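Colleague: What would the 3D arrangement of this be:
(chains A and B)
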Amino acid sequence: MISLTDFLVVSAVLFCIGLYMVVSKHNAIQILIGIELMLNAAILNLVAFGKYDLFNNAGQMFALFAIVLAAATTAVALAIILNVYRQYKTIDPGKVDQLKD
Amino acid sequence: MSLAQVLFYIMSFISLASALFVASTKNLVRSIFMFFITLFALAGLYVLALADFVAITQIVIYVGGILVLILFAFMLSGKETLNAITQQRKAFISLRKIPAILLAALFLIVLVNMIFKVDANNLAWIRRSIEARNDITPSSAMTENIGVSLMTNYLLPFEAISILLMIALVGAAHLSRKGARP
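Modeller: Purely as a prediction, here's the structure:
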């Protein structure tokens, strides 16, 4: 069978790609995609360890909860991005540097 | 090498390669569509970890919900964003990206080093669960198991997350409505 270490390495690489996107991108939507990649790496870890917990089933349950939480996060974050765009005419987080008035 | 291992390597290669493409391309629409492929390959990895219900949920919620939402927000945000995004520098590795690359690479080195030191296959609780036949086999009925434990053990988190989801949706609708703004 597939060993647990393989899953962990794949999710570590995914997490680092997401970290790179969050740090380096100049576009709020791409930063959001980076956060989604990091969340998916965490969910992959949950699922891989949840294989050894049949009775309580905690890993897969919390993977489901994390997916739903990611959906809620994305909805709110996109609404905020739309508002920021309406106010500043840009979605580069480095250029959003003023309060409302 | 069994068939499951071959499939695992194919799926992980597809997901990592498309994630790298998502991170490296400058074209936003192309990176969103490559993100679809990353999510599908990750759903395949969940199936190989014997979590078929989580894989289906991933496809339904992520691909059907989140990505379509991102595309909608992108297309609703007007022509100026598109113009602002398409003006791009041509340099492949610019000097300003080097700190981010360094950070991600060093973090990856630390993580992989730690993973190989931990040796996750021989952890004590995993050995105990295999001895107690507590591990998921390909023939166990996982959807039924998830349904039962969702309504017994995890009823409180389930209700809390449903309330939180409703609050988030109402808040998103409130934040993104037009007009009525002093």
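Colleague: Contacts only, for residue A:44.
Modeller: Residue A:44 sits next to A:7, A:10, A:11, A:14, B:42, B:45, B:46, B:49 when contact means Cβ atoms under 8 Å, 6 or more residues apart in numbering or on different chains. C-beta: built from backbone N, CA, C; applies to glycine.
Colleague: From residue B:147, how far out is it?
Modeller: From residue A:44 over to residue B:147 the distance is 23 Å, taken as Cβ to Cβ, to the nearest Å.
Colleague: what about stretch B:66-76, distance to the chain center?
Modeller: Stretch B:66-76 sits 17 Å away from the centroid of its parent chain (Cα atoms, centre = their mean, to the nearest Å).
Colleague: Show me what it is in contact with.
Modeller: Stretch B:66-76 is contacted from outside by A:29, A:32-33, A:36, A:70-71, A:74-75, A:78, A:81-82, B:28-29, B:32, B:35-36, B:39, B:81, using Cβ under 8 Å, 6+ apart.
Colleague: Now residue B:111. Nearest residue, chain neighbours left out?
Modeller: The shortest distance from residue B:111 to any residue other than its chain neighbours is 4.1 Å, reached at residue A:12 (Cβ to Cβ, 6 or more residues apart in numbering or on different chains).
Colleague: and the next element down the chain from whatever helix or strand the one you found lives in?
Modeller: Here residue A:12, judged by DSSP states H and E, is contained in helix A:4-24. Moving toward the C-terminus from helix A:4-24, the next helix or strand (DSSP H and E) is helix A:28-50.
Colleague: what's the next helix-or-strand element following that following helix packed up against?
Modeller: Reading on from helix A:28-50 to the C-terminus, the next helix or strand found by DSSP H and E is helix A:58-88. The contact analysis (3 or more Cβ pairs under 8 Å, 6 or more residues apart in numbering or on different chains; DSSP states H and E) places helix A:58-88 against helix A:28-50, helix B:52-57, helix B:67-76, helix B:142-151, helix B:155-175.
Colleague: what's the neighbour count on residue A:32?
Modeller: Each residue near residue A:32 was counted by other Cβ atoms under 10 Å in any protein chain shown, and the total is 22.
Colleague: Okay, the residue nearest to it when sequence neighbours are not counted and residue B:168: tell me how far apart.
Modeller: Using Cβ to Cβ, 6+ apart and skipping residues adjacent in sequence, the residue nearest residue A:32 is residue A:77, 5.6 Å away. Remark: distance between residue A:77 and residue B:168 (Cβ to Cβ) = 10 Å.
Colleague: what's the answer for residue A:21, then?
Modeller: Using Cβ to Cβ, residue A:21 is found at 23 Å from residue B:168.
Colleague: these two touch, right, residue B:7 and residue B:49?
Modeller: No - if you go by Cβ atoms under 8 Å, residue B:7 and residue B:49 don't touch, sitting 11.6 Å apart.
Colleague: what about these two, which has more around it?
Modeller: Applying other Cβ under 10 Å to residue B:7 and residue B:49 shows that residue B:49 carries more neighbours, namely 26 against 15.
Colleague: from memory the more buried one sits against residue A:51, does it?
Modeller: Yes - judged on Cβ under 8 Å, residue B:49 makes contact with residue A:51 at a distance of 5.7 Å.
Colleague: Point out where chain B drops to low pLDDT.
Modeller: B:77-93, B:179-182 (pLDDT under 70).
Colleague: switch the cut-off to 80
Modeller: For chain B, the stretches with pLDDT under 80 are B:1, B:73-96, B:134, B:140, B:176, B:178-182.
Colleague: and if you look at chain A?
Modeller: Checking chain A against pLDDT under 80 turns up A:1, A:89-90, A:99-101.
Colleague: Buried subset of the contacts of stretch B:66-76, written for ChimeraX?
Modeller: Here is the ChimeraX command that selects the buried residues among those (16 or more other Cβ atoms under 10 Å in any protein chain shown):
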select /A:29,32,33,36,70,71,74,75,78,81,82 /B:28,32,35,39,81
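Colleague: right, and residue A:74 touches residue A:39 too?
Modeller: No - counting by Cβ under 8 Å, residue A:74 does not reach residue A:39; the two are 9.7 Å apart.
Colleague: re the thing from before, can you report how many residues lie near the residue nearest to residue B:111?
Modeller: Around residue A:12 there are 22 residues (other Cβ under 10 Å).
Colleague: Tell me how far it lies from residue B:41.
Modeller: Per Cβ to Cβ, residue A:12 is found 16 Å from residue B:41.
Colleague: helix/strand/coil for the residue nearest to the spatial centre of chain B?
Modeller: The centroid of chain B falls nearest to residue B:39 when counting by Cα atoms, centre = their mean (6.1 Å). Using DSSP: H, G, I helix; E, B strand; the rest coil, the structure places residue B:39 in helix.
Colleague: If anything else comes up later, I'll come back, but that's it for now.
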